[in-house]
Structure formats: C-alpha cells, structure tokens
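Participant: When you get a sec, could you give me coordinates for this:
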Amino acid sequence: MTTSDEHRSGSGQAAPAAGSPAAETQDPSGWGAKFHSVRFRVVAAMLGMMLAGLVTAGLVTFIVQFQESDSRIDQAILDKANAVVKLVQTNKKTSGDYANRTYISALHEAAEDIEPRSNEVMAGIVDGRVAWTVEGNSDNALLDNTMFADAVELRSQVGASFGELNADGRPLRTVVVPMKGATGTFFLVGRDAGDQREHNADSVRTYSLVALAMLMAAAVIGGIVAGRLLNPLRRLREASRAVGPEDLTQRVEVRKGEDDVTLLAKTFNTMLERLDEGAQQQQQFLDDAGHELRTPLTILRGHLELVTVDDPDDVIATRDVLLDEVDRMQRLVDDLLLLANSGDPGFIRREPVRIPELMDQVMEKVHVLADRNWLIDEQADYVVEADPQRLTQALVQLAANAVKYTGRSSTIALGSRVESPTTNDGTTLPQHDTLLLWVRDDGIGIAAEDQQRIFERFGRAHTGRGEEGSGLGLAIVAAIAQAHGGVATVESEYGHGATFLIKIPLQAAGVRV
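Facilitator: A predicted model of the protein is given here:
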C-alpha cells in the first residue's frame, strides 16, 4: 500500500525537498543558483568595494567640511569681536566722549553702529549676565540670559573663548572676548550656523543620492560586463552537460583573447580532444580485437565440436591445431596492445643513437631470417635522439615482410641517409633535415592502389603481398615512425620490388659524427 505522497508523485520515490541538492539540480535557474553564481558574487564584491570606498571617502570629506565650516565661522566672529574691542579701547584713550563712559556702554554703542548681520548677535556681559544685546534680526532673538548663563563660565576667563549654544533648536556659534582694564566685562559675538549646517546636510544628501545612482549604474553595467566575460564559462558548463560517453564531439566556442577565461575554454577543448582521441583508440582496439579474434575462436569451437574424444590421434591433432591458434591469438593481442599504447608519451624512450651501429645491429639480427642476399646500401654517419629498440623493431618487421615475398636468390638491402630539403635548382631550404631508414627488396612489389592501405590496421594488398599474417605489422611500423614525429611510406611498382621507408625529421637532434 502506497502513502499519499507516493500516490501524488506517481511512483514509490519521494519528491526532492526544496533547497536540497536534487531540487537545485532540477531547477538550475532558481534564485538560489543565481545568488551562488560567479556572476552574482563578482558583481556583489565589486559593489561592496565601491560602497566601502564611497562611504569612507564621503565620511572623511564631510567631517573635514563640517570642521572647516565651523572654523570659518569661528574665525569670522573672532575677527569682528577683536575689531570692536580694539576700537573701543582705542577710542577710550583718544576720545574724550568715550573716556567718560564705561566699557560696557562703549561696547553697546559700537555694536549698534556696526549693525550685525541678520544671523548674528552681539552682547555685553557683566559679571556673568547679559547686560545688553544687539540682534541682527530684531524679530528673532538668538540670545537670552538663561541660555547664556547655563552655557558659559566666565569667572576665570583671560582669553577668547569659543562655544556653541542652542538657540531654539538652531546652533549658535559664539566667541567671548574679555575687556582689558574692565574686570568682569566681556564682549560676545554669535552667529547662527544653522543655514551652513543645512547647506552641509544638503551636500550629504546630494552625495548619497549620487553615490546610490552610481552603485545602481555600476550594478547594471557590472552585471552586463561580468556576463560577457563569464560567457565562456556558461558555454563551458553547457558543453560539459552535453558531453557523454556517446558524444565527445562537443567543443566550447573560443573567442579571440588571452584572458584567463578564454585560456580555460581552450584548455577544456584540449581536454575534450584528448578524451575523444582516447575513446576512439579504445573503440578501435575493441573493434579490431572483436574483428580479428572472431576467426580463431570460431576455429577453436569448430575443432572442439568435431573432435572424437575416443580417438587419441584425433585428440592430439586437434590439440596441436588449438595450440597453434592460441599462439596466433596471443601474438594478435600483443600487437593490438602495442598499437593501443603507441600514442602514450612513454611509448618511445629517446637516447643518443649512432645510426651506423644501429644498422649493423639490425643486419646482424635479420640476416638469419632466411637465405637471401643481404646488403647495406648506404650508411648515414649521424647521431640522433631516438628509441633504438623501437627503430630496431620497425626495421626487423620490414625485413621479415621482405623475406615473405622474395625467393632464395632475391636481394634484401637496408640503408640510411640524411636528406636536406632543397628546391628544384638545388638551393637548400631552411627546414630541418630528415633521416631516412629503408628496407629494399626485389620481390613482386605492391600495386599503386594498395600502397596506402597496407599501413592501416588489418590492411592487406588485394594481390601478391599481404595475403598472410594479421595485417598489423606495417601498422606497427607506421606507429613507431609517427611516435618519432615521422612517417612510414613505400615506393614500389608492381612486379619490380618495393622500398619501405621510415622518414624522421631530425630537428635539432641530428649531429653529424
């Protein structure tokens, strides 16, 4: 009996919970995936750094601006207070009219003559109390006794004193200057700093709005730019999803450039090419093995089915046939494994090889294969970087093929030569020299239509040569030449022998002895 959840899902499996990895896999375009995307994190990091920079720059700028604004107001009211006090003291000494007045009275008259600004106030203070005030705006009193007495201590003051009073919610920057020669008498100048503070606050709001607009614009532009920069990653993800065991042909579109993302896409394509090549080699190995092992297995099964168990002679004959087929299968598997590993970096092991010594060693091994007229046509007196064992294997294979298709009186010759590329007029070209290794025979030759096919796996000539063997010998020779960066070819005319050549570019590795 199924549960209600199972009944709703239509199967015995519960639906993945929201927020689970399965749910995120099913909905890769959800908000959770977007918040965790590289694009979102890059843009968020960029905006975070911009926000921190804007806040820090704005904070420092406006703190300095506010301080400078207060400093300018303080300097302005101080200059005005000093000018009035100096004027009064000078007049007290030089003018008879002023000489008979008290300092506080003289200050009052001077303040009324100066007429402070609409946002300023002047006051005379005697023994800590306001004796008189001159307001720049008579409709709005900025100063009273109670506010002043609570905010300033003047009993021990000997120099100018700055302060800030609260005038009905508005900041009043003040300076108090003592009168020399009149103990307990002070002159006060105040200025309403509210308008300047409002102006500064407007600057802060304007800066905040501009910064917010910049952040929004940066978010939009950054999202577009990050999307374009990370577009190869999106294509890489899509290609990765499309790649499967059955299809390794997907590639990421790579645009011009040498940035990290483009290089990553190129590396990904290179990896896919290697995987595709490996898969093709594996599939080719399976196809080759299945194709070539089918015949010997059929022979084994047929003889086992037909063997007469009670007849000892039949059992022995069948045993010999089976062992021969098993040996042939073993050689076939070894050759297939050799070809399958020919693309590995460790297939050849390079070392300095002296070509004359190599050819002499090969001749020493192959001349016992059959009674033929064995010769060495030519020797290249060079030392090259190559794998002597693989080259020996290739030359021995070519010599064994030549033995198969020649008679007792035939000639089989080995040779080596280094050729430099030249033009038709004999001018040497700047390309690298080429080492030629060959095996020549005067057998029946190879038809022109078969000369390319014989180097393929299980490739055989339609007539004459190639009727025996597994068809892997020349493929192994071609693989050894290719592993050295070269190629295996044949020059032949049917009925007039054949010359098999291994051509290896020397590059900088060839040195004349």
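Participant: Checking Val177 next. Helix, strand or coil?
Facilitator: strand (DSSP: H, G, I helix; E, B strand; the rest coil).
Participant: and if you look at Pro352?
Facilitator: Taking three-state DSSP, the label given to Pro352 is strand.
Participant: I'd guessed it sits against Glu385; true?
Facilitator: Yes. Taking contacts as Cβ atoms under 8 Å, Pro352 lies within contact range of Glu385: 6.3 Å. All C-beta spots, glycine's among them, are computed from the backbone N, C-alpha and C.
Participant: Who has more neighbours out of these two?
Facilitator: Glu385 (15 against 11; other Cβ atoms under 10 Å).
Participant: how about the more buried one, phi and psi?
Facilitator: phi -90, psi 110 (degrees, to the nearest 10).
Participant: Could you check how far it is from Ile504?
Facilitator: 10 Å (Cβ to Cβ, to the nearest Å).
Participant: Then Asn91?
Facilitator: Applying Cβ to Cβ to Asn91 and Ile504 gives a distance of 115 Å.
Participant: more neighbours, these two?
Facilitator: Ile504 (24 against 17).
Participant: isn't there a strand covering the more buried one?
Facilitator: Yes. Applying three-state DSSP, one finds Ile504 inside a strand.
Participant: surely it meets Ala483?
Facilitator: No. Using Cβ under 8 Å, Ile504 is not in contact with Ala483, being 9.9 Å away.
Participant: who's in contact with the nearest residue to Leu233 once chain neighbours are set aside?
Facilitator: Nearest residue to Leu233, sequence neighbours excluded (Cβ to Cβ, 6 or more residues apart in numbering): Val261, at 6.2 Å. With contact taken as Cβ atoms under 8 Å, 6 or more residues apart in numbering, Val261 is in contact with 229-230, 232-233.
Participant: Need the per-residue pLDDT for Val261.
Facilitator: Val261 is assigned a predicted lDDT (pLDDT) of 71.
Participant: got it, and the one 3 residues further on?
Facilitator: Model confidence at Leu264, expressed as pLDDT, equals 78.
Participant: what number of residues lie near it?
Facilitator: By the measure other Cβ under 10 Å, the count of residues near Leu264 is 15.
Participant: Ile502 now?
Facilitator: 23.
Participant: Out of the contacts of Val261, who's the most crowded?
Facilitator: Pro232 (24 neighbours).
Participant: quick one, phi psi at it?
Facilitator: According to degrees, to the nearest 10, Pro232 has phi -60, psi -30.
Participant: do the same with the one 10 residues further on
Facilitator: The main-chain torsion angles of Ala242 are listed as degrees, to the nearest 10 and equal phi -80, psi -20.
Participant: That one against Gln250, yeah?
Facilitator: Yes. Between Ala242 and Gln250 there is a contact under Cβ under 8 Å: 4.6 Å.
Participant: re the thing from before, could you verify that the residue nearest to Leu233 is part of a helix?
Facilitator: Yes. According to three-state DSSP, Val261 belongs to a helix.
Participant: For it, give its distance to Asn269.
Facilitator: In terms of Cβ to Cβ, Val261 sits 13 Å off from Asn269.
Participant: so is Val123 in a helix, a strand, or just coil?
Facilitator: Small correction: residue 123 is Ala, not Val. Classified using three-state DSSP, Ala123 is strand.
Participant: show me the contacts for it.
Facilitator: 130-134, 143, 148, 187-188, 190.
Participant: before we move on, what about Gly486?
Facilitator: With Cβ under 8 Å, 6+ apart, Gly486 has these contacts: 434-435, 502-505.
Participant: try Pro232
Facilitator: Pro232 sits in contact with 252-255, 261-262, 264-265, where contact means Cβ under 8 Å, 6+ apart.
Participant: of those residues, buried ones?
Facilitator: 252, 254, 261-262, 265 (16 or more other Cβ atoms under 10 Å).
Participant: between those, which is nearest Asp287?
Facilitator: Nearest to Asp287 out of the buried ones among the contacts of Pro232 is Val252 (Cβ to Cβ; 29.2 Å).
Participant: Now do the same for Ala483: its pLDDT.
Facilitator: 89.
Participant: Phi first, then psi, for it.
Facilitator: Torsion angles, degrees, to the nearest 10, at Ala483: phi -60, psi -30.
Participant: and it, how many neighbours?
Facilitator: Neighbours of Ala483 (other Cβ under 10 Å): 20.
Participant: same thing with Ile63?
Facilitator: Neighbour number of Ile63 under other Cβ under 10 Å is 10.
Participant: Over to Arg349?
Facilitator: Applying other Cβ under 10 Å, I find that Arg349 has 10 neighbouring residues.
Participant: would you say it is within a helix?
Facilitator: No. Going by three-state DSSP, the assignment for Arg349 is coil, not a helix.
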